[in-house]
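**Student:** Here is my input, please return the structure:
(one chain, ligands or ions: 1)
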Amino acid sequence: MTILITGGAGFIGSNFIDYFLTNNPMHEIVNLDSLTYAGDPLNLVDANRNPNYTFIHGDICNRSLIEELFNKYDFKGVIHFAAESHVDNSISAPSAFINTNVLGTFNLLDVSKNHWMDAPNQIKEGYAESRFLHISTDEVYGTLGDEGLFTEQTPYAPNSPYSASKASSDFIVRSYHHTFGMNVVTTNCSNNYGPKQHDEKLIPTIIRKALNNEQIPIYGDGKNIRDWLYVEDHCKGIDLVFTKGKAGETYNIGGNNERNNLYIANVICEILDELVPKSSSYNQQIAFVKDRPGHDFRYAIDASKIERELGWRAQENFETGIKKTITWYLKKYNK
Ligand code: NAD
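**Tutor:** Numbers count the residues shown, from 1 in each chain. Purely as a prediction, here's the structure:
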């Protein structure tokens, strides 16, 4: 079967493609990516060597291109990563978020439905297993205080243009199941980290600035908490939901690894002190900067549904995953 993956030149998509090609040699993948600033062809050097992999340079907002690709490759599955994903950019330039995350998702979903279904609840012959997996985020649930966890029942309360655009796309995906009986599944995941993440995100920024002897910028008082998940654990969860998840359901994925930003900066500095020592500790470079407007205080995921129903478990905790991540970035930055 041939599967359409969108946004596979980005951080999670490219890690997923490597994971999926290795673990599912019977499937072929077509990766549709418009190569925005966030997509990097270098993330796909391993995939490019695999005969089951094809890259298409194109935009998910281009409906006629998506229709053409469905006709050519007869996709029986879609795993949809493509998005504008950086909250800071959604504050300075939100329109790309609405285009890609809302309209782009709608295009993909609608073309998939038309390719797989004759009418509401009438699946075309040969497409009974065809499934649309939508990758979303825990940010759709808004923010938490000191206590509590996001479950699949938590009401949506997105606070940034990014999370609002993702929430909108989640609702459109949900409606295609309830209205048309389409086989959709959605995953809502916490913050990922690991190899191939774009330099603009928190953990690569801390590592890069530390190594360049620059200030390591930490928003506000550094007490904001995220539930960090090593990207390979996320990929395993996506694969499980795609193959075993129940149609119409959503699954929260999170590592039960709540850490605040200041702790993260300090741990990275400690590991760099060991691996690339210099005269003073890297933690001397940590500097607090003006907080992001609307900065959510805390995200934390209750992943018990995917653990119970699909047998998923995060294998890395933050302290083991961050060592692997730093080792990868040291190679990238030639240190
Ligand atoms: P990323 O920004 O690293 O990659 C996004 C990819 O999508 C890039 O390759 C980019 O070129 C491509 N893209 C953007 N607009 C496109 C368009 N219009 N058409 C085709 N391709 C386009 O993002 P990521 O961190 O890998 O996130 C992937 C998905 O996972 C997103 O949907 C995001 O909302 C979700 N998510 C991310 C995290 C995280 O911590 N990174 C956590 C939870 C959920």
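
**Student:** alpha carbons only for contacts and neighbour counts from here, please
**Tutor:** Will do.

**Student:** residues from the stretch 1-150 of the chain in reach of the ligand?
**Tutor:** 7-13, 33-36, 38-39, 58-61, 81-85, 100, 135-137 (CA under 6 Å from any ligand atom).

**Student:** Quick one: buried ones out of those?
**Tutor:** 7-13, 33-35, 38-39, 58-61, 81-85, 100, 135-137 (16 or more other CA atoms under 10 Å).

**Student:** Could I get the full set of helices for the protein?
**Tutor:** Remark: helices assigned in the chain by DSSP state H are 11-23, 45-48, 63-73, 87-92, 95-97, 105-116, 161-180, 202-211, 231-244, 261-275, 304-310, 318-332.

**Student:** Give the rounded mean pLDDT of the fourth one.
**Tutor:** Read that as helix 87-92. Here helix 87-92 scores 92 as its mean pLDDT.

**Student:** Mind giving me the packing neighbours of it?
**Tutor:** On a contact count with 3 or more CA pairs under 8 Å, 6 or more residues apart in numbering; DSSP states H and E, helix 87-92 meets helix 161-180.

**Student:** give me that answer again for 10 Å
**Tutor:** helix 95-97, helix 161-180 (3 or more CA pairs under 10 Å, 6 or more residues apart in numbering; DSSP states H and E).

**Student:** and those helices, which is most packed in?
**Tutor:** Comparing those by mean neighbour count (mean count of other CA atoms under 10 Å), helix 161-180 comes out on top with a mean of 21.

**Student:** how far is that one from where the chain is centred?
**Tutor:** Relative to the centre of its chain, helix 161-180 is centred 16 Å away, using CA atoms, centre = their mean, to the nearest Å.

**Student:** Stretch 144-152 too?
**Tutor:** 20 Å.

**Student:** contacts for that stretch?
**Tutor:** 138-143, 156, 187-188, 190, 225, 249-254, 256, 296-305 (CA atoms under 10 Å, 6 or more residues apart in numbering).

**Student:** Show the average pLDDT along it.
**Tutor:** Averaged across stretch 144-152, pLDDT comes to 95.

**Student:** Next up, the contacts around residue 194.
**Tutor:** Residue 194 neighbours (CA under 10 Å, 6+ apart): 11-12, 15, 203-204, 229-232, 321-329.

**Student:** Distance check, it against residue 85.
**Tutor:** Remark: distance between residue 194 and residue 85 (CA to CA, to the nearest Å) = 16 Å.

**Student:** can you pull the contacts of residue 163?
**Tutor:** 85-87, 90, 97, 101, 136-142, 156-157, 169.

**Student:** at 6 Å what do you get?
**Tutor:** With CA atoms under 6 Å, 6 or more residues apart in numbering as the criterion, the residues that contact residue 163 are 139-140.

**Student:** Without its sequence neighbours, what residue ends up closest to residue 12?
**Tutor:** The shortest distance from residue 12 to any non-neighbouring residue, by CA to CA, 6 or more residues apart in numbering, is to residue 231 (6.5 Å).

**Student:** you'd agree that neighbour is up against residue 190?
**Tutor:** No. With contact defined as CA atoms under 6 Å, residue 231 does not reach residue 190; the gap is 10.2 Å.

**Student:** Give me the more crowded residue out of the two.
**Tutor:** Remark: of residue 231 and residue 190, residue 190 carries more neighbours, 28 against 25, as counted by other CA atoms under 10 Å.
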